[in-house]
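[1] Mind looking at a prediction? Sequence and model below.
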Amino acid sequence: MGFDSKFAKNIICIGAGYVGGPTMAAIAAKCPQYKVTVVDINAARIAAWNSDHLPIYEPGLLDVVKQARGRNLFFSTDVAKAIKEAEIIFVSVNTPTKTFGEGAGKAADLQYWEKTARDIVKASEFDKIIVEKSTLPVRTAKAMERILNANDKGIHFEVVSNPEFLAEGTAMADLEKPDRVLIGSQLTEAGLKACESIVEIYANWVPRDRILTTNVWSAELSKLVANAFLAQRISSINSISALCERTEANVYEVARAIGKDSRIGSRFLNASIGFGGSCFKKDILNLVYIAESYGLHEVARYWESVVLMNEYQKRRFVQTMIRVMFNTIAGKRIALFGFAFKADTGDTRESPAIDVTKQLAEERAIVVITDPQAMENARKDLESCISQVEFASDPYAAARGAHAITVMTEWAEYKSLDYRRIYEEMEKPAFIFDGRNILDHEALHKIGFNVFPLGTAAWKHF
Ligand code: NAD
Ligand code: UGA
């Protein structure tokens, strides 16, 4: 039924962001027989996708894009034309936390999703499969189906859920070898047929036993639950990091000891300044809101505590800084090593560095930000306290004249800096707060630093 008969399937994706761009580039690279078009209303983003300066930093992405762009991968702002010609429409628009009205602060804001559904109805001329790629509250497919199928053109839209599990920084490897691909559909004949059509796409490179098919509600809910479980592990180990600091236990040793239990597993147990990223907090709060809306208040409180522990960890980190720096940081220079919410990305959404900088600025410190990829985003995030903030792309320059360094992002390059040189150029006593536990604390202490890791005893000279 596709317009371009040269291709076996005509696939489009609405939303050319951190998910839409990489996932569609991966599909196009793996499946040259399909035409894949990614559309967005943001013209600057689309122009960047069509250039060598992609709008997001993701290791390996440019190579994959270059492999398929212009062959069977296209980026465009003509949303209506793309919808008209597509047989399969992935929707990967943003679904942030609602900031207004009913459910503000917790529920998902579905305005972009609904707008997309209406755009699809308007431009369509034949039946289509609509794939929920965005993370959505359980039972959204029902609402979408209602909007889509309330058309007077006699067109049938089948909605399936195919949530995305990639992590930023490792997106291309995650897409190449996913732990699983999840596809949920209605269990009707049309639903199962649509599901099979999506299975067929992934089966081009993903082993069949890794492609899970479920009912549509399980797929929607599993995405929220996966993020909630991952974030819960971080909050759990972070809560223990506070206890370790009081008891002379060492959080690495505890993590290693418990992680050896195959029922617990060793991954995702790194104590940190707190989890960031666009999704963990928003998806848990969404889960909390859904539980509340079904009257499951105990369930809601249980998951909410994961977010509360994360806020506590950030606050606790800054409180330690102030306490050990003689209860005042007013006028002191503090160099922030890293601003992205994790290494290997320029993304700063919900980065703990934002809250930490704002708290430090409130204490009237001068915060000097350095990051290999996130400086542009950092500038936008810090508009409200910009008079207290400086930027230095070179970490040595950032640390020069500073009273303290705080490691906010686990960029590999921060491990191999010449800390002797850095120490010599800093104010004394010089402090390092390692919010990621990536540095050699003993070696830094020998140089002369007072070192405050997370979840282990401090290395002090006083
Ligand atoms: P993003 O903000 O980077 O991208 C969304 C894009 O959608 C934007 O470029 C925006 O301009 C576009 N858009 C919004 N409304 C539109 C419309 N009506 N027509 C055309 N384009 C429109 O968001 P993202 O990080 O890619 O996340 C997208 C979804 O995927 C979210 O639901 C998120 O929860 C989920 N998710 C994200 C990640 C991640 O690592 N970022 C991972 C898994 C799932
Ligand atoms: C996360 C999930 O890992 C993905 O599966 C999911 O698709 C995605 O959210 C999403 O839905 O958006 P992402 O946020 O990109 O991916 O990155 P993660 O590697 O999960 O890290 C999230 C945060 O947790 C980062 O701030 C990271 O530094 C922190 N973290 C992670 C820790 O503090 N400790 C750990 O042990 C692991």
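    That came through fine. Ligands and ions are numbered 1, 2, ... in the order given.
[2] Tell me how far the one helix or strand Val367 maps to lies from the chain's centre.
    Element membership for Val367, per DSSP states H and E: strand 366-370. Remark: strand 366-370 is offset 23 Å from the chain centroid, using Cα atoms, centre = their mean, to the nearest Å.
[3] Skip ahead from that strand and say which helix or strand is next.
    helix 375-381.
[4] Averaged pLDDT, the strand holding Val367. What do you get?
    For strand 366-370, mean pLDDT rounds to 98.
[5] same thing with stretch 59-77?
    Stretch 59-77 carries an average pLDDT of 98.
[6] Please apply the same query to stretch 376-383.
    97.
[7] give the contact list for Ser197.
    By Cβ atoms under 8 Å, 6 or more residues apart in numbering, Ser197 lies in contact with 88, 129. Backbone N, C-alpha and C define where each C-beta goes, glycine included.
[8] how near is the residue nearest the centre of the chain to ligand 1?
    With distances taken as Cα atoms, centre = their mean, the residue of the chain nearest its centroid is Gly277 (3.8 Å). Counting by Cβ to the nearest ligand atom, to the nearest Å, the separation of Gly277 from ligand 1 is 7 Å.
[9] Need the residues that contact the least confident helix or strand in the chain by mean pLDDT.
    Ranked by mean pLDDT, DSSP states H and E, the weakest helix or strand in the chain is helix 140-149, scoring a mean of 88. Defining contact as Cβ under 8 Å, 6+ apart, one finds that helix 140-149 is touched by 110, 113-114, 117-118, 120-121, 130, 132, 156-157, 159-161, 184, 216-217, 220.
[10] out of the residues you listed, which are buried?
    110, 113, 117, 120-121, 130, 132, 157, 159-161, 184, 216-217, 220 (16 or more other Cβ atoms under 10 Å).
[11] What about the nearest residue to Phe275 once chain neighbours are set aside, how many residues nearby?
    Using Cβ to Cβ, 6 or more residues apart in numbering and skipping residues adjacent in sequence, the residue nearest Phe275 is Ile234, 4.7 Å away. By other Cβ atoms under 10 Å, the residues close to Ile234 number 21.
[12] now swap in Lys193 and tell me
    Lys193 sits with 12 neighbouring residues when counted by other Cβ under 10 Å.
[13] residue ranges of the strands in the chain, please?
    Ranges of strands in the chain, per DSSP state E, are 9-14, 34-39, 73-76, 88-91, 128-132, 157-161, 181-185, 211-215, 333-337, 366-370, 389-391, 404-407, 431-434, 450-452.
[14] Let's have those in TSV, adding distance to His53.
    As requested, the strands of the chain are exported to TSV (distance: least, Cβ to Cβ, whole Å):
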stretch	distance to His53
strand 9-14	20
strand 34-39	16
strand 73-76	13
strand 88-91	24
strand 128-132	29
strand 157-161	33
strand 181-185	30
strand 211-215	34
strand 333-337	25
strand 366-370	21
strand 389-391	20
strand 404-407	28
strand 431-434	33
strand 450-452	38
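[15] Can I get those in a markdown table including distance to ligand 1?
    Compiled in a markdown table, these are given as follows (distance: least, Cβ to the nearest ligand atom, whole Å):
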| stretch | distance to ligand 1 |
| --- | --- |
| strand 9-14 | 5 |
| strand 34-39 | 6 |
| strand 73-76 | 11 |
| strand 88-91 | 9 |
| strand 128-132 | 9 |
| strand 157-161 | 12 |
| strand 181-185 | 12 |
| strand 211-215 | 16 |
| strand 333-337 | 23 |
| strand 366-370 | 22 |
| strand 389-391 | 23 |
| strand 404-407 | 23 |
| strand 431-434 | 25 |
| strand 450-452 | 31 |
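[16] OK, contacts around the closest residue to the residue nearest to the centre of the chain other than its chain neighbours?
    In space, and not counting its chain neighbours, Gly277 is closest to Phe341: 4.8 Å by Cβ to Cβ, 6+ apart. Counting by Cβ under 8 Å, 6+ apart, Phe341 touches 168, 275-277, 347-353, 409.
[17] Buried subset of those residues, written for ChimeraX?
    Applying 16+ other Cβ under 10 Å to the contacts of Phe341, the buried members can be selected in ChimeraX as follows:
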select :168,275,276,277,347,348,349,350,351,352,353,409
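[18] Which single one of the contacts of Phe341 is nearest to Tyr289?
    Glu350 (17.2 Å; Cβ to Cβ).
[19] Let's see the pLDDT reported for that closest one.
    97.
[20] what does the chain put close to ligand 1?
    Within the chain, the positions near ligand 1 by Cβ under 6 Å from any ligand atom are 14-20, 40-42, 45, 79, 92-95, 112, 115-116, 119, 134-135, 164, 166, 168, 278-279.
[21] go with 5 Å
    14-15, 17-19, 40-42, 92-95, 112, 115-116, 134-135, 164, 168, 279 (Cβ under 5 Å from any ligand atom).
[22] which of the residues you listed are buried?
    Burial by neighbour count, 16+ other Cβ under 10 Å: within these this picks out 14-15, 17-19, 40-41, 92-95, 112, 116, 134-135, 164, 168, 279.
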